[in-house]
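Novice: sequence and predicted model, in that order:
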Amino acid sequence: MATVAETAAPSSPFSLEGRRVWVAGHRGMVGSAIVRRLGREGCTVLTAGRDRVDLRRQAEVEAWMDAERPDVVVVAAARVGGILANSTRPAEFLYDNLVIEANVIHAAWKAGVSKLLFLGSSCIYPRLAPQPITEDALLTGPLEPTNQWYAIAKIAGIKLCQSYRQQYGCDFISLMPTNLYGPGDNFDLTSSHVLPALMAKIDRAKREGLEAVEIWGSGQPRREFLHVDDLADASVFLLQNYSGDVPLNVGVGSDVTIRELAELIADVVGFTGRFVYDTSKPDGTPRKLLDVGQLAGLGWSARIGLRDGVENAYVWYREHVLRAATSS
Ligand SMILES: NC(=O)C1=CN([C@@H]2O[C@H](COP(=O)(O)OP(=O)(O)OC[C@H]3O[C@@H](n4cnc5c(N)ncnc54)[C@H](OP(=O)(O)O)[C@@H]3O)[C@@H](O)[C@H]2O)C=CC1
Ligand SMILES: C[C@H]1O[C@H](OP(=O)(O)OP(=O)(O)OC[C@H]2O[C@@H](n3cnc4c(=O)[nH]c(N)nc43)[C@H](O)[C@@H]2O)[C@@H](O)[C@@H](O)C1=O
């Protein structure tokens, strides 16, 4: 297989300067990080909250696109959640994601958008894909049952980008980020991913003098964690430097067990108690380490190490989530 570096790097970078860039989902963790990062590119950032445009409504999406005429679209809006939300709300994760991405991608084609970036997820790959997972593992085996609904929707998003490229020549690209964390994360224990959930639980245990913190599952699954500011930087880099139909992996290239993650967070927070494993909760996929060779070949690598990133996220959590909770 030819690498993307051989086939898809444009001869000159796509300039964002002076462009109108719509970040759909700008209030989310990823969307807000991409808005912050675009602040350095000399473009006009366009945003519309759910109150203005419900992305599940095709007519609202097309009216917004007609009125605002973006040159570039970033699809960072989605129904997102951790293992529990994914497995208990399958209809929302499948329907919302299918409809949002179909509406935005189709409207972008109709409006003649020059470049579109679609965000997928590492959960699109087969549950037992060989590690580290290369991009060509897509659709080679069964999905992880806990998030198959979301994965199917994200695979459809990739195929939409590829089909509009093939039939209409649209420069629509897809990125597959690994598990993300950072400022703007969701700390609600019923819908969050593991890193913010453990940060909130461990911080509470420290403040309330609790002896133990509950961890779902066995603690043995491995996960790769990318700081959202690195993901935002990769997104801008790939808007400028990538024009291919391969959905590109974005990660750090190394992973940790959930137990190791909990120990790291405990060290950052200053919690010295125990962990208790609730094995009635699902482990999910045993491992999903991304192969980031194609991205490195194009010239981008992550910069924020896990400890530094967790420290940064913890500062944000204390300033924005805890402070808001204690002042209300
Ligand atoms: N978080 C992670 O670990 C990972 C995320 N990703 C991908 O990154 C992208 C962004 O995720 P993340 O920032 O974490 O998610 P968030 O939940 O933080 O943000 C999602 C955004 O989408 C908006 N949105 C959802 N539904 C609608 C709708 N019907 N109409 C308008 N806006 C809507 C939300 O609006 P509102 O604020 O009004 O709710 C919110 O701003 C997603 O595509 C996700 O799949 C990929 C891999 C890992
Ligand atoms: C990004 C990715 O995120 C999702 O996949 P996931 O990685 O399995 O999700 P997660 O972060 O919620 O869990 C990771 C691991 O951690 C364990 N775990 C321990 N204790 C807690 C805990 O307290 N909360 C959570 N959520 N998990 C916990 C948990 O049991 C699991 O073993 C996809 O659904 C999909 O949305 C997707 O794309």
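Specialist: Received it, and whenever you're ready, just let me know what you need. Ligands and ions are numbered 1, 2, ... in the order given.

Novice: which parts of the protein are strands?
Specialist: 20-24, 44-46, 72-75, 115-119, 172-177, 179-181, 212-216, 222-223, 225-227, 248-250, 256-257, 274-278 (DSSP state E).

Novice: dump the C-alpha coordinates for the longest one into CSV.
Specialist: Okay, so that is strand 172-177. Extracted in CSV, the C-alpha atoms of strand 172-177 (Å, rounded to 0.1, in the frame of the first residue of the first chain):
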residue,chain,number,x,y,z
PHE,A,172,-12.9,16.3,2.4
ILE,A,173,-10.5,14.6,4.9
SER,A,174,-11.0,12.4,8.0
LEU,A,175,-8.9,12.1,11.2
MET,A,176,-9.2,9.3,13.6
PRO,A,177,-8.1,10.6,17.1
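
Novice: can you list the strands of the chain in JSON lines and add mean pLDDT?
Specialist: Shown next, in JSON lines, are these (pLDDT from 0 to 100):
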{"stretch": "strand 20-24", "mean pLDDT": "98"}
{"stretch": "strand 44-46", "mean pLDDT": "98"}
{"stretch": "strand 72-75", "mean pLDDT": "98"}
{"stretch": "strand 115-119", "mean pLDDT": "98"}
{"stretch": "strand 172-177", "mean pLDDT": "98"}
{"stretch": "strand 179-181", "mean pLDDT": "98"}
{"stretch": "strand 212-216", "mean pLDDT": "98"}
{"stretch": "strand 222-223", "mean pLDDT": "98"}
{"stretch": "strand 225-227", "mean pLDDT": "99"}
{"stretch": "strand 248-250", "mean pLDDT": "98"}
{"stretch": "strand 256-257", "mean pLDDT": "98"}
{"stretch": "strand 274-278", "mean pLDDT": "98"}
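
Novice: CSV for these, including distance to residue 155 and mean neighbour count?
Specialist: C-beta: built from backbone N, CA, C; applies to glycine. Shown next, in CSV, are the strands of the chain (distance: least, C-beta to C-beta, whole Å; neighbours: other C-beta atoms under 10 Å):
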stretch, distance to residue 155, mean neighbour count
strand 20-24, 19, 24
strand 44-46, 28, 18
strand 72-75, 14, 26
strand 115-119, 11, 24
strand 172-177, 10, 24
strand 179-181, 18, 23
strand 212-216, 26, 17
strand 222-223, 20, 19
strand 225-227, 20, 24
strand 248-250, 14, 25
strand 256-257, 27, 15
strand 274-278, 31, 14
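
Novice: make TSV out of those and add distance to ligand 2.
Specialist: Formatted as TSV, those follow (distance: least, C-beta to the nearest ligand atom, whole Å):
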stretch	distance to ligand 2
strand 20-24	18
strand 44-46	25
strand 72-75	15
strand 115-119	10
strand 172-177	8
strand 179-181	4
strand 212-216	4
strand 222-223	5
strand 225-227	9
strand 248-250	12
strand 256-257	10
strand 274-278	8
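
Novice: turn those into JSON lines, including distance to residue 163.
Specialist: As requested, the strands of the chain are exported to JSON lines (distance: least, C-beta to C-beta, whole Å):
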{"stretch": "strand 20-24", "distance to residue 163": "19"}
{"stretch": "strand 44-46", "distance to residue 163": "25"}
{"stretch": "strand 72-75", "distance to residue 163": "15"}
{"stretch": "strand 115-119", "distance to residue 163": "12"}
{"stretch": "strand 172-177", "distance to residue 163": "9"}
{"stretch": "strand 179-181", "distance to residue 163": "27"}
{"stretch": "strand 212-216", "distance to residue 163": "38"}
{"stretch": "strand 222-223", "distance to residue 163": "31"}
{"stretch": "strand 225-227", "distance to residue 163": "28"}
{"stretch": "strand 248-250", "distance to residue 163": "18"}
{"stretch": "strand 256-257", "distance to residue 163": "37"}
{"stretch": "strand 274-278", "distance to residue 163": "43"}
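
Novice: give me the nearest residue to residue 30, chain neighbours excluded.
Specialist: Among residues not flanking residue 30 along the chain, residue 76 sits closest, at 4.6 Å (C-beta to C-beta, 6 or more residues apart in numbering).
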